[in-house]
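Asks: what follows is a predicted protein model with its sequence.
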Amino acid sequence: MKNNADHETQLQQFQVEHNFDFVAIALVEPAENQYVLKWKYTSGNLSNRIKKVVLHSGKGIAGTVFKTGKPLMIKNRSEFEQREDLFNYPILVFENLRSMGAVPIWHNGRVAGVLLGGYREADRMSDEKLQILIQTAAKGIGNLDGKELMLN
Amino acid sequence: MPANKDLRLELMLKMFTNSTEAIFFFDREGKILSLNPAAEKIIDATVLEQLQKGAELAICRACRGYTSSTEIQTCINCYLSSTQPEDFSSFQVFLETKDKGVVPYAATFHSIDPENGIRVFMLRDLSVQFKTQKQLHQNTMMKHVIEAQENERKRISRELHDSVAQELLSAVIELRALKYMKGGQEILEKTEDTKVTLTRLLDDIRNLSVELRPAALDDFGLEAAFRSHFKRIEESYGITVEFKADIHKKRYGNEIETVFYRVCQEAVLNSIKYAFVEELKVSLFKKDDFLQLIVKDHGVGFKQGENPRGTGLGLYGMKERADLVGGRVDIFSEPGKGTTVHLLVPIGKAGETR
Ligand SMILES: Nc1ncnc2c1ncn2[C@@H]1O[C@H](COP(=O)(O)OP(=O)(O)OP(=O)(O)O)[C@@H](O)[C@H]1O
Ligand SMILES: [Mg+2]
């Protein structure tokens, strides 16, 4: 297993290559008899605050993708804010994301993690960008894939 | 005793002129014989004129019916023409008044001179009492609703925590045991998968249970429930809650503890939603026979009475809850300075248990 620094370098390469303002990977942390999610690797982040946040299944961006197993895209945060309480999505607030996409990373028929790519401007996220995220989640970033995440 | 009689007459006259009750005297035909100033004050000028002229049944122009056992406002078997005046020793009647619209009155109507058929009609304004009663009714309703909701939450939460989660846990443990049995690698992998699925499900159920109503509140009291609530808040929202408690883990009875927990929950959530802060302070303490809670943030603040950004029901609910246990909530907020929510509930020596 490679160490965290390696993973963040690989994530940074991915961010630069595809012109995201911010990318992050959340993964499941099995604690004693419970599963929580944490944003473990980030690149382009404004602070490390988001790494302290622990999400339960169904909560926040990562929790929603984790639970539903479906990609989630916000093209414009102002619209999203109309129907959802922003405070339930700390990553949008802390990293000041105005548009973003988040996709599940699968392993053995189960969601092992979440890959997020976002922008600090509205309407920068597109269907093409979402496809990139989906493909990346399927093949892994460097040596970081679903299996690797699962082992964590 | 003539002196005594004079006194009585004088008193009767004073009562007639100064009473706040409206008094009408009717003859056999329902014509007015006399009415006191209080009665004049409530009757509309044109009706009053008719009354004073002695027009027959002039009072009907102002009367909007009385409350019978079957109807709230009716003219059937009218008190004025009823053959059984004793039925009307105490009843409710509605009158169209000069300046307050239709008002319900507590009325009595009875004969005071059967020989000459003279009857007296007396009215007492009930609107103030009605308002009090309505308020009282609303408060008890609210209390019942809050209580019912809380009990239901407790029941479901308990059920999830004690039976559903418990069963699931034993399933997980049984699966764990499979590891030590003989079997193919494939089967072992599959059971491992099932174990993960069940564990996630178990986690979901536990969270649901805590969100409904934390068992810690009932089992270990406010301090413990607050601590684990704040831990979750810190984890979920990346906000630091500085919590101070000096109640030494004392218990204060289910009702009071629930009020404190819910008010705190709402105040803290408001700070997270609206104040835009990274940190907030909560203190729980006993002072001067009051159990007190202070939730303070140094965020954006707001002007009270101004349009709320959300529903505005939260602050109302806090006050209602505090009211239920004879306490109160004070909210101090100033734009740019922050918000403080202060809950005080009186606890006599009897308030504490354990
Ligand atoms: N700590 C705070 N900082 C800034 N503004 C606040 C704070 N608490 C309340 N407010 C303001 O007061 C309003 C009323 O709050 P209240 O709790 O009554 O309703 P709400 O939170 O908007 O809706 P609900 O509680 O039903 O979700 C809020 O909409 C917000 O504008
Ligand atoms: Mg609120």
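Replies: Noted; the coordinates are in hand. Ligands and ions are numbered 1, 2, ... in the order given.
Asks: and B:R176, how far from B:K195?
Replies: As judged by C-beta to C-beta, to the nearest Å, B:R176 and B:K195 stand 7 Å apart. Bear in mind the C-beta positions are built from the backbone N, C-alpha and C, glycine included.
Asks: so where is chain A shaky, pLDDT-wise?
Replies: Scanning chain A for pLDDT under 70 picks out A:1-4, A:31-34, A:143, A:146-152.
Asks: for the stretch 251-354 of chain B, what lies in contact range of ligand 2?
Replies: Applying C-beta under 5 Å from the ion, one finds that the stretch 251-354 of chain B approaches ligand 2 through B:270, B:314.
Asks: which ones are touching the residue of the stretch 51-200 of chain B found nearest ligand 2?
Replies: Closest approach between the stretch 51-200 of chain B and ligand 2, counting by C-beta to the ion: B:I146, at 16.0 Å. B:I146 makes contacts with B:320-321, B:324, as judged by C-beta atoms under 8 Å, 6 or more residues apart in numbering or on different chains.
Asks: burial count for residue 55?
Replies: Just so you know, I chose chain A. 24 (other C-beta atoms under 10 Å in any protein chain shown).
Asks: the chain in question should be chain B.
Replies: By other C-beta under 10 Å, 16 other residues sit near B:A55.
Asks: now do the one 4 residues further on
Replies: B:I59 has 23 neighbouring residues, counting by other C-beta under 10 Å.
Asks: please name the residues that touch it.
Replies: If you count contacts by C-beta under 8 Å, 6+ apart, B:I59 has them with B:24, B:26, B:30, B:32, B:47, B:51, B:80, B:121.
Asks: contacts with ligand 1 among those residues, please.
Replies: Taking C-beta under 6 Å from any ligand atom as the test, ligand 1 is in contact with none of these.
Asks: closest to chain A out of those residues?
Replies: Closest approach between those and chain A, by C-beta to the nearest C-beta: B:V47, at 56.6 Å.
Asks: so who does the closest one touch?
Replies: For B:V47, counting by C-beta under 8 Å, 6+ apart, the contacting residues are B:58-59, B:61-62.
Asks: please apply the same query to B:V300.
Replies: If you count contacts by C-beta under 8 Å, 6+ apart, then B:V300 has B:274-276, B:335-336, B:338 around it.
Asks: among the residues you listed, which two are most distant?
Replies: B:Y274 and B:G336 (13.3 Å; C-beta to C-beta).
Asks: can you pull out the helices in the chain?
Replies: In the absence of a named chain, this looks at chain A. With DSSP state H applied, chain A shows helices at A:4-17, A:60-68, A:77-83, A:90-94, A:127-139, A:146-151, listed in chain order.
Asks: please refer instead to chain B.
Replies: So, for chain B - with DSSP H - the helices run B:2-18, B:37-42, B:45-53, B:127-158, B:165-178, B:185-212, B:215-220, B:222-237, B:254-270, B:313-324.
Asks: for the second one, which positions count as buried?
Replies: Buried positions in helix B:37-42, judged by neighbour count with 16 or more other C-beta atoms under 10 Å in any protein chain shown: B:38-39, B:42.
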